[in-house]
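Participant: From the sequence below, what's the structure:
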Amino acid sequence: MSRLVGRAPRRHPALLARVTAGVLALGLGTSRPGAAQSAVGDWTAPVWPFADGWHSDVAVALDVAGVVHVAFTAVDLVSGQAMHGDDWDGNATSIGYAAHAASGWTPPERVPCGRFVVACSDPAVAVDALGIVHLAYVAVLSDGAEIRHRQRVPGTVRWSDAERVSAGANGVRRLDPAILADRIGHVHVVWTDGTGGGDVLYRQRLPDGQWREVSAVHDPTNGAQSSPALTLAANGTVHAVWRDGRDGQLAVWTSQLPERSFVWWPDAVLSRIGDGVAGPPAIAATADGVVRAVWVATDGSEAARMMLARLTAAGPYWEPSRRLYEGEHGTVLDVAAAAAPNADLGLAWTESRAAGRSRLYAGRLDAAGQLVDTRRVDGTVRDGTARHPVLAAGGTWQAMLAWNQPAARGRPAIAFSGGRLPEPERAQQSFEGYLEPESVVFGCQRDGYRIVACDGTSQIIVLSDAPALARVAGAYIAVEGEVIDEPGCRRVVADTFTLRTPPCARSAASVFGGALQDGRPLPGARIVVGQQVALSGRSGRFSMTGVAPATLSITATAPCALALSAGTVDLQPRQRLDLGTAAFLSGDVVPDCVIDVRDLARAAWDVRQPPDDTNACSDVNRDGAVNVVDLELIRQRMGLRCPQTWSPTPMPPAAVPPGLEVFDGF
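Facilitator: Numbers count the residues shown, from 1 in each chain. Down below sits the predicted model:
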């Protein structure tokens, strides 16, 4: 679920060939949940990890696991060229993507723009409840622009085929996309559409991948509307803000879309009469149900200030807007906002200085509405020109900040810094029940388990891919740890778990193991034990409980790979069967259960073709490109057929070990 997403303000970037600099600031620190933390303010010095190219229009999303997903507009990414379909235009732009986790940054990569696209830019990024990364971006054609969507499943390196989100005639300027994924599997996209002078349009993607019809967020549609932003409230309602010129002067307007609906409520103005709006608004919703919008306003003089409006959880009307901050040494230029996991609101803004320079600051709006912990973030950059900040925060208590600023020698680039949010103290809690596995816990975006009581009710979620916990899947256990009460993913950070004698004994067996494809963890492998099916999660691990004791066959399948068979096993009551790690071999490009010359021919045809869903199986080593390395792997495997022997051979252990055993540090 992508609750907290930042996106840089846009100034017609879809029509730009070369773009201004982008600097991204991320908090890279990690800590144990519940531990005492300093307030936001200890920001790291800006760094520039992406060495090549011109970058701007940064968008940031943070998933539940703390992985940072970054998309940006790029020129000359990596190799000095921006690739689009079958040809290259040296003045064109592309979409860059990278992610950061505990192991560091992934290399920046190009997201395919699609065939016959002149340039693509202006990305927005979100992560849904299953951990799928969604991108919305502007695709510039020879006769206008479209809003397009792509997605990538966790554990894979390929993006889906581009889907056209916008509708209507060509020759229309479209820009400023914003994207949000809610907790029930819907993806929401808004953008500025040039038809009729400029409208904010909306389209909703359903969990099955189908799109609803395009509609307008605002009513009436007179005037010029632009620069939309989205946030998701704790009750599932989607809130939007945008700039609106229907009354002859730019103002900030808002509307809301209830959960499971596709009809926007009547819109309302947030800014005060007589105030001009100097920049795109931002909006964020905190865990206590409060929604806040911030923007830069001016009274006609050169001075500009930060304004704030609030909608309480009780609603339904917004409180009058108020002045939140006025620059001490210059005017406020841009503003960004992101909600912390508690009731605090993170803020970032830029202030003008002499000679066209500017400074970047960050702070926190506490539950009482006071701006606290104000710090300058770009303090190590001499004579900086920081602009257009983007802010994101999440359940891992990280704060991530992005802004535009030239790097050394004036070359546009991307840099990173960050801080941490103050965490509340949490009391230890204990839960007990059967440990039921889920390959991807909906809303938590990771492999995990549920503690299920004897009556079938779910007590709590445990997120872990540790082998020690997998070995007791299906057992009755007690868990003790701190509870993170995040909406959609209430979970316990377990310090210990203990096997207990169940008050409601089960006779069913359990099966667990892992899946690799060419040496890499494989999500989405389909494991069949008798009539019961399990899917491997993001870590490649799988497990199933409640398997009736019997003599059962065990098979496994995965896309682009030869199926596996473990033969048959005699499952005993309460037995836990460790299937080990199944090793799949790719190369079945034409899915006919044999690797032969047809697979080699198809992969050869796909060499140098733009990567998409149609040639995913030709990318045997899953490195994002089809080349001679893939052809050689197929050649080496020619003649292999289904089913391959499950390797290593499963070794069924004895019956479940006795209870009351304590395991630490899993």
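
Participant: So for stretch 335-349, first residue to last residue, what's the gap.
Facilitator: The stretch stretch 335-349 measures 4 Å between its terminal residues, going by C-alpha to C-alpha, to the nearest Å.

Participant: how far does that stretch sit from the chain's center?
Facilitator: 18 Å (C-alpha atoms, centre = their mean, to the nearest Å).

Participant: buried sites along it?
Facilitator: Residues of stretch 335-349 classed as buried: 335-342, 344-349 (neighbour count, 16 or more other C-beta atoms under 10 Å). The way it works is simple: take the backbone N, C-alpha and C, and place the C-beta from them, glycine included.

Participant: ranges for the strands of the stretch 301-450 of the chain?
Facilitator: Remark: strands of the stretch 301-450 of the chain, listed N- to C-terminal, are 304-311, 322-326, 332-339, 345-352, 358-365, 371-376, 387-393, 398-404, 414-416, 418-420, 428-441, 446-452; assignment by DSSP state E, counting those that start in this stretch.

Participant: out of the ones you listed, nearest to Ala233?
Facilitator: Nearest of the strands of the stretch 301-450 of the chain to Ala233, taken as C-beta to C-beta: strand 304-311 at 8.6 Å.

Participant: what's the angle between the closest one and strand 332-339?
Facilitator: Inter-element angle recorded for strand 304-311 and strand 332-339: 30 degrees (by axes from the mean of the first three to the mean of the last three C-alpha atoms, to 10 degrees).

Participant: number of nearby residues for the residue lying closest to Gly114 once chain neighbours are set aside?
Facilitator: Closest residue in space to Gly114, ignoring its immediate chain neighbours: Ala162 at 4.4 Å, by C-beta to C-beta, 6 or more residues apart in numbering. Neighbourhood size, Ala162 [other C-beta atoms under 10 Å]: 21.

Participant: same check, this time on Ala453
Facilitator: Applying other C-beta under 10 Å, we find 14 other residues in the vicinity of Ala453.

Participant: OK, contacts around the spatially closest residue to Thr498 that is not a sequence neighbour?
Facilitator: Here the nearest residue to Thr498 in space, its sequence neighbours aside, is Ala478; by C-beta to C-beta, 6+ apart that works out to 4.6 Å. With contacts defined as C-beta atoms under 8 Å, 6 or more residues apart in numbering, Ala478 is in contact with Ser430, Phe431, Glu432, Phe497, Thr498, Arg500.

Participant: can you check Gln204 too?
Facilitator: Going by C-beta under 8 Å, 6+ apart, Gln204 touches His186, Val187, His188, Val189, Trp211, Arg212, Phe262.

Participant: any weak-confidence spans in the stretch 501-650 of the chain?
Facilitator: 608-614, 648-650 (pLDDT under 70).

Participant: Tell me the spacing between the residue nearest to the spatial centre of the chain and Ala616.
Facilitator: With distances taken as C-alpha atoms, centre = their mean, the chain has Val127 as the residue nearest its mean C-alpha position (2.5 Å). From Val127 over to Ala616 the distance is 21 Å, taken as C-beta to C-beta, to the nearest Å.

Participant: can you check Gly369 too?
Facilitator: From Gly369 to Ala616 the distance is 50 Å (C-beta to C-beta).

Participant: Who has more neighbours out of these two?
Facilitator: More neighbours sit around Ala616 than around the other of Gly369 and Ala616, counting by other C-beta under 10 Å; the figures are 18 against 13.

Participant: excluding its backbone neighbours, what's nearest the more buried one?
Facilitator: Taking C-beta to C-beta, 6+ apart, and ignoring the residues beside it in sequence, Ala616 has Arg158 as its nearest neighbour in space, at 5.3 Å.

Participant: Over to Gly481?
Facilitator: Ala494 (4.1 Å).

Participant: And for the one you found, the neighbour number?
Facilitator: Using other C-beta under 10 Å: Ala494 sits among 25 other residues.

Participant: Then the one 4 residues further on?
Facilitator: In terms of burial, Thr498 registers 17 neighbours under the definition other C-beta under 10 Å.

Participant: where does it land on pLDDT?
Facilitator: You'll see Thr498 listed with a pLDDT of 86.

Participant: Ok, Ala65 next?
Facilitator: Checking the pLDDT column for Ala65, the value is 75.

Participant: and if you look at the one 10 residues further on?
Facilitator: Predicted confidence (pLDDT) at Val75: the value is 77.

Participant: Spatially nearest residue to it, not counting backbone neighbours?
Facilitator: Counting by C-beta to C-beta, 6+ apart, Trp54 is the residue found nearest to Val75 once chain neighbours are left out, at 4.1 Å.

Participant: Show me the helices in the protein, by range?
Facilitator: In chain order, the chain shows helices spanning 467-470, 597-606, 628-637, with DSSP state H as the criterion.

Participant: out of those helices, nearest to Ala59?
Facilitator: The closest of the helices of the chain to Ala59 is helix 597-606. By C-beta to C-beta, the value is 30.3 Å.

Participant: Keeping just the C-alphas, turn the closest one into CSV.
Facilitator: Below are the C-alpha coordinates for helix 597-606, written out as CSV (Å, rounded to 0.1, in the frame of the first residue of the first chain):
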residue,chain,number,x,y,z
VAL,A,597,15.6,-25.2,-31.3
ARG,A,598,12.2,-23.4,-31.2
ASP,A,599,13.2,-21.7,-27.9
LEU,A,600,16.6,-20.8,-29.4
ALA,A,601,15.0,-19.3,-32.5
ARG,A,602,12.5,-17.3,-30.6
ALA,A,603,15.2,-15.9,-28.3
ALA,A,604,17.4,-15.0,-31.3
TRP,A,605,14.4,-13.1,-32.8
ASP,A,606,14.1,-11.2,-29.5
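
Participant: so Gln575 bridges to which residues?
Facilitator: Listed beta-bridge partners, Gln575: Ala655 (assigned using DSSP bridges).

Participant: Hmm, Pro549 and it touching each other?
Facilitator: Yes. In terms of C-beta atoms under 8 Å, Gln575 counts as a neighbour of Pro549; the distance is 7.3 Å.

Participant: Mind checking which of these two has more residues around it?
Facilitator: Each of Gln575 and Pro549 has its neighbours counted (other C-beta under 10 Å); Gln575 has more, 20 against 14.

Participant: measure that one to Ala45 for me?
Facilitator: Using C-beta to C-beta, which is the criterion applied here, Gln575 is 56 Å from Ala45.

Participant: go on, Tyr325?
Facilitator: Computed with C-beta to C-beta, the distance linking Tyr325 and Ala45 is 24 Å.

Participant: what does Ala282 give?
Facilitator: For Ala282, the distance to Ala45 - C-beta to C-beta - is 25 Å.

Participant: neighbour count winner among the two?
Facilitator: Residue environment comparison for Ala282 versus Ala45 gives the larger neighbour count to Ala282, 28 against 13, counting by other C-beta under 10 Å.

Participant: Show residues contacting stretch 168-177.
Facilitator: Contacts of stretch 168-177 with the rest of the structure, by C-beta under 8 Å, 6+ apart, involve 10, 12-15, 122-124, 136-138, 141, 143-147, 165-166, 189-195, 214, 226-228, 280.

Participant: First-to-last residue distance for it?
Facilitator: Counting by C-alpha to C-alpha, you get 16 Å between the two ends of stretch 168-177.

Participant: what do you get for stretch 548-564?
Facilitator: 22 Å.

Participant: Check the offset of that stretch from the chain's centre.
Facilitator: With C-alpha atoms, centre = their mean as the basis, the distance from the averaged C-alpha position of stretch 548-564 to the chain average is 32 Å.
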